[in-house]
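Engineer: Only the shape, not the letters, is given here:
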């Protein structure tokens, strides 16, 4: 099937949208829906957007898009965005009694992304109480058990550490690690030939698992990190055909970090 694009119609639509903006005089807000990232989808005005939730409002304030992180576009008014997301109606999305279909789980990508950006901004502005609310919102309304996309949970583990909720950070970390461990246990049960066939997926899961070890390390929870590094090394033993001994976590280095931290605190 060949889809024919009516370029004249697209051009006319762009002109109509530009005409609306030119004659709006900021009397009424203009919003762009999220989900796409093409410059033309935002009329080449990405540098003048403000995040309002799952939409972007056109504002007369220039906020250049970071070329190293182009998906985090739009400025954030933390107080306004906080008020908006705290009023979101989540329905029964956190209920264990419903089936969370593929599309529902996929939508969590946008929600988690916005919440993560918001609590990071709130942390920068030293608004710890509000930051804690947002971290809690993201974790409780989109439970890891139902929504998958586990790499998007990592900022919330870090967020709990940042708002001094160490026990909750550890609890969420353990849930996240369990997801990777279960997958690796499955791959470890396969014969060598099938492991080689699944080598890319095995390495992906191992490296994602490795990444989360760094979260407690970065946040100074070194004893917890040491215990979890030992668990990680044990799982790595199951894939000696892919990883060498040198690629394990060195617990002596973690002990040294712990010692340096104690000396610094003293």
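Structural biologist: Here it is on my side, so go on. Just so we're clear, the structure is a prediction, and the values are computed from it rather than from any experiment. Residues are numbered from 1 along each chain as shown.

Engineer: hey, where'd the helices end up in this protein?
Structural biologist: For the chain, the helices defined by DSSP state H occupy 7-22, 78-85, 102-124, 128-141, 144-147, 154-162, 166-188, 192-197, 199-218, 222-236, 251-265.

Engineer: okay, those, which one's buried deepest?
Structural biologist: helix 154-162 (a mean of 23; mean count of other Cβ atoms under 10 Å). Every C-beta, even on glycine, is put in place using the N, C-alpha and C of the backbone.

Engineer: ok, the most centrally placed residue in the chain to residue 41 distance?
Structural biologist: The centroid of the chain falls nearest to residue 152 when counting by Cα atoms, centre = their mean (3.1 Å). If you measure residue 152 against residue 41 using Cβ to Cβ, to the nearest Å, the figure is 23 Å.

Engineer: and what of residue 108?
Structural biologist: Residue 108 is 22 Å from residue 41, by Cβ to Cβ.

Engineer: And residue 157, by the same measure?
Structural biologist: 33 Å.

Engineer: ditto for residue 141
Structural biologist: From residue 141 across to residue 41, the span is 28 Å (Cβ to Cβ).

Engineer: swap in residue 167?
Structural biologist: On the measure of Cβ to Cβ, residue 167 and residue 41 end up 43 Å apart.

Engineer: Tell me where the model's unsure across the protein.
Structural biologist: 1-7, 9-11, 13, 35-36, 257-266 (pLDDT under 70).

Engineer: Mind doing that once more with 90?
Structural biologist: 1-28, 30, 32-46, 54, 65-73, 104, 107, 148, 250-266 (pLDDT under 90).

Engineer: Quick check, residue 134 in contact with residue 120.
Structural biologist: No - with contact defined as Cβ atoms under 8 Å, residue 134 and residue 120 do not form a contacting pair (9.4 Å).

Engineer: Mind listing the shared neighbours of the two?
Structural biologist: residue 159 (Cβ atoms under 8 Å, 6 or more residues apart in numbering).

Engineer: who touches residue 188 in this structure?
Structural biologist: By Cβ under 8 Å, 6+ apart, the contact set of residue 188 is 235, 238, 239.

Engineer: Now render those residues as JSON lines, adding distance to residue 201.
Structural biologist: Below are the contacts of residue 188 laid out as JSON lines (distance: Cβ to Cβ, whole Å):
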{"residue": "235", "distance to residue 201": "15"}
{"residue": "238", "distance to residue 201": "14"}
{"residue": "239", "distance to residue 201": "12"}
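
Engineer: Please state the offset of stretch 30-37 from the chain centre?
Structural biologist: When C-alpha coordinates are averaged (Cα atoms, centre = their mean, to the nearest Å), stretch 30-37 and its chain have centres 19 Å apart.

Engineer: got the buried residues for that stretch?
Structural biologist: Going by neighbour count (16 or more other Cβ atoms under 10 Å), the buried part of stretch 30-37 is 32, 34.

Engineer: How about residues contacting it?
Structural biologist: By Cβ under 8 Å, 6+ apart, the list of residues contacting stretch 30-37 reads 20-21, 24, 41-42, 49, 52, 54-58, 70-71, 73, 110.

Engineer: Then stretch 191-203?
Structural biologist: Contacts of stretch 191-203 (Cβ under 8 Å, 6+ apart): 184, 187, 190, 239, 241, 242.

Engineer: can you count the residues close to the fifth one?
Structural biologist: Okay, so that is residue 241. 10 (other Cβ atoms under 10 Å).

Engineer: Run through the residues that contact it.
Structural biologist: Applying Cβ under 8 Å, 6+ apart, the residues near residue 241 are 192, 195, 196.

Engineer: got it, and the last one?
Structural biologist: If you count contacts by Cβ under 8 Å, 6+ apart, residue 242 has them with 195, 199, 202, 203, 206.

Engineer: The same query, at a cut-off of 7 Å, please.
Structural biologist: 199, 202, 203 (Cβ atoms under 7 Å, 6 or more residues apart in numbering).

Engineer: so can I have JSON lines of those residues showing distance to residue 215?
Structural biologist: Formatted as JSON lines, the contacts of residue 242 follow (distance: Cβ to Cβ, whole Å):
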{"residue": "199", "distance to residue 215": "26"}
{"residue": "202", "distance to residue 215": "22"}
{"residue": "203", "distance to residue 215": "20"}
